[in-house]
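S.K.: Quick one, fold the following:
(4 chains)
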There are 2 protein chains.
Amino acid sequence: MSMSAASRPYHHGDLRSALLASAERTLREKGVAALSLRELAREAGVSHAAPGRHFKDKQALLNALALTGYDRLAQTLDTADDPALPLQPRLTALARAYLAFSVDNAALLELMYARKHEPDATERMAAAIDRTIGSLERVLADAQKRGEIVEGDPEHLTLVTGAALHGLASMTAACMLTPEAALGTVDELVHHLLHGLKPRP
Amino acid sequence: MSMSAASRPYHHGDLRSALLASAERTLREKGVAALSLRELAREAGVSHAAPGRHFKDKQALLNALALTGYDRLAQTLDTADDPALPLQPRLTALARAYLAFSVDNAALLELMYARKHEPDATERMAAAIDRTIGSLERVLADAQKRGEIVEGDPEHLTLVTGAALHGLASMTAACMLTPEAALGTVDELVHHLLHGLKPRP
DNA sequence: CTCGAATGTAGGCGTCGCCTACAATGCTGT
DNA sequence: ACAGCATTGTAGGCGACGCCTACATTCGAG
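M.R.: This is a model prediction of the structure:
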């Protein structure tokens, strides 16, 4: 059968990946509200019902998109983490990496942290989140082993640190801070986190 | 003219408020995705185009909803703040109030922090956010005056503290923490924020 | 090679946001 | 009191969307 521009082969070949890639681009360029299955189908050159063969509904596509986001985030954090560094520069580097990712992928991050409802998606999402938080927990656990930070349940310390970082990223995403201001604040945030706000005697 | 159940008066009387109230209920009970102007119109007993007289489009209604949310939040924080308290309990109380609000109004908070586009809405929103952050900044400025916390730009200190609180709230909204766990962590978070993670000599 | 599974197509259904033309009502100035 | 205008609500239509079903084509395991 001919493969002229107007008549592609009946089967796309890798529609699922094409949809996800197209969706990510649209998400980045026009935001989540501009995402429509029909438009994605048009961009892929297939009929408006074809995406339904790969994603049972729109939410399923968004979930898949979020999961790819977690993969990229995990990879980003992994390469940013240098276990040889002392706590403060190590944590700062990790924080900068997370903030940079959140600025570059604001809409995607919104999807990643959106409350899902289907139990299966929630499971996979929770596992991905745990993996992300794991990067931070490793840093703090190491620091604790070396006596660089106070005793206490490392999970709680991770939560406090993670909340501060995520909060900064979230505020930036909400346009309460410019990305530059946020990146410029990271070092200070980590410093205050480690040294506390109360004066040291 | 008759006012039987089937034939209300031609004019609703206070459609705008009715729409906002109905929207807030739907938002709380079914989430933002379930909000539709046509459904709100049906609940108010008016035609599907009537809401357009009070909100130029759906986003305008969401913006108005967010602004009422900021009013309620400001009121909540205001009554929760006791300037007579020393820093730690004062900050803890404020944090608990914010967290409680964010748990009770998760979907609304999502709207409040959503990136808007129309310049007018963004202005009003930014003013509301400043008002909210002001509650926190007052606490820290007072503490600084009393020498309870380190020197430094109070705006930066506010940012660090606010990021941590907002992060905890945000993580709770994203179902990474149960509301109980979050509330149970607040005290510890404030403590670590004030005393730092590094061991005190 | 065959036949079922996987994948894509065509069309339809109900809902939505938004638009326009029109009707009813309220309000203000005389 | 009331004319005239601005406000508010109505009726209907438009195009887009998500999702569904019935059907067509292709792939691949036996």
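
S.K.: what does chain A put close to DNA strand D?
M.R.: For chain A, the residues in contact with DNA strand D (Cβ under 7 Å from any atom of the strand) are A:1, A:9-11, A:35-39, A:48-49, A:52, A:56-59. C-beta coordinates here come from the backbone N, C-alpha and C atoms, glycine included.

S.K.: Now with 6 Å, please.
M.R.: A:1, A:10-11, A:36-39, A:48-49, A:52, A:57-58 (Cβ under 6 Å from any atom of the strand).

S.K.: ok, of these, which come out buried?
M.R.: Buried subset of the residues of chain A next to DNA strand D (neighbour count, 16 or more other Cβ atoms under 10 Å in any protein chain shown): residue A:37.

S.K.: for residue A:86, what are its contacts?
M.R.: Residue A:86 makes contacts with residue A:148, as judged by Cβ atoms under 8 Å, 6 or more residues apart in numbering or on different chains.

S.K.: buried residues in the helix or strand harbouring residue A:138?
M.R.: Using DSSP states H and E, residue A:138 falls within helix A:119-145. Across helix A:119-145, burial judged by 16+ other Cβ under 10 Å covers A:121, A:124-125, A:128-129, A:132-133, A:135-144.

S.K.: ok, and the closest non-adjacent residue to residue A:171?
M.R.: Nearest non-adjacent residue to residue A:171, counting by Cβ to Cβ, 6 or more residues apart in numbering or on different chains: residue A:177, 5.3 Å away.

S.K.: where does residue A:198 land in three-state SS?
M.R.: Assigned with DSSP: H, G, I helix; E, B strand; the rest coil, residue A:198 falls in the coil class.

S.K.: what are the ranges of the helices in chain A?
M.R.: According to DSSP state H, chain A carries its helices in the segments A:15-30, A:37-44, A:58-80, A:87-104, A:106-112, A:119-145, A:154-173, A:179-195.

S.K.: close to DNA strand C, is the third one?
M.R.: No: among the residues of helix A:58-80, none lie within reach of DNA strand C under Cβ under 6 Å from any atom of the strand; the closest is 11.9 Å away.

S.K.: what residues does that helix touch?
M.R.: Contacts for helix A:58-80 (Cβ under 8 Å, 6+ apart): A:19-20, A:23-24, A:27, A:32, A:35, A:37, A:40, A:51, A:54-55, A:93-94, A:96-98, A:100-101, A:105, A:108-109, A:111-112, A:114, A:116-118, A:121, A:124-125, A:128-129, A:131-132, A:135.

S.K.: rerun that using 6 Å as the cut-off
M.R.: With Cβ atoms under 6 Å, 6 or more residues apart in numbering or on different chains as the test, helix A:58-80 has contacts from A:23, A:37, A:55, A:93-94, A:97, A:101, A:108, A:111-112, A:121, A:128, A:131-132, A:135.

S.K.: list the contacts for residue A:165?
M.R.: For residue A:165, the contact set (Cβ under 6 Å, 6+ apart) comprises A:95, A:98.

S.K.: got a pLDDT number for it?
M.R.: Reading off the confidence values, residue A:165 has pLDDT 97.

S.K.: Relative to residue A:149, how far out is it?
M.R.: 16 Å (Cβ to Cβ, to the nearest Å).

S.K.: do residue A:198 as well
M.R.: Counting by Cβ to Cβ, the gap from residue A:198 to residue A:149 is 16 Å.

S.K.: Counting neighbours around each, name which of those two comes out higher.
M.R.: Neighbours were counted for residue A:198 and for residue A:149 using other Cβ atoms under 10 Å in any protein chain shown; residue A:149 has more, 24 against 18.

S.K.: Flag every residue of chain A that's near chain B.
M.R.: Within chain A, the residues that sit near chain B (Cβ under 6 Å from any Cβ of the partner chain) are A:113, A:115, A:129, A:149-150, A:156, A:159-160, A:163-164, A:166-168, A:170, A:174-176, A:185, A:188-189, A:192, A:194-199.

S.K.: Just the buried subset of those, written out for PyMOL, thanks.
M.R.: To isolate the buried ones among the residues of chain A next to chain B in PyMOL, judged by 16+ other Cβ under 10 Å, type:
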select buried, chain A and resi 113+129+149+159+160+163+164+166+167+168+170+174+175+176+185+188+189+192+194+195+196+197+198
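
S.K.: Show me how the record splits chain A into domains.
M.R.: A:11-55, A:57-195 (automatic domain parsing).

S.K.: In a markdown table: the ones you listed, plus distance to residue B:64.
M.R.: As requested, the domains of chain A are arranged in a markdown table below (distance: least, Cβ to Cβ, whole Å):
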| stretch | distance to residue B:64 |
| --- | --- |
| domain A:11-55 | 18 |
| domain A:57-195 | 18 |
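
S.K.: and of those, who's closest to residue B:89?
M.R.: domain A:57-195 (18.3 Å; Cβ to Cβ).

S.K.: Below-threshold pLDDT in chain A: ranges please.
M.R.: Scanning chain A for pLDDT under 70 picks out the ranges A:1-7, A:10.
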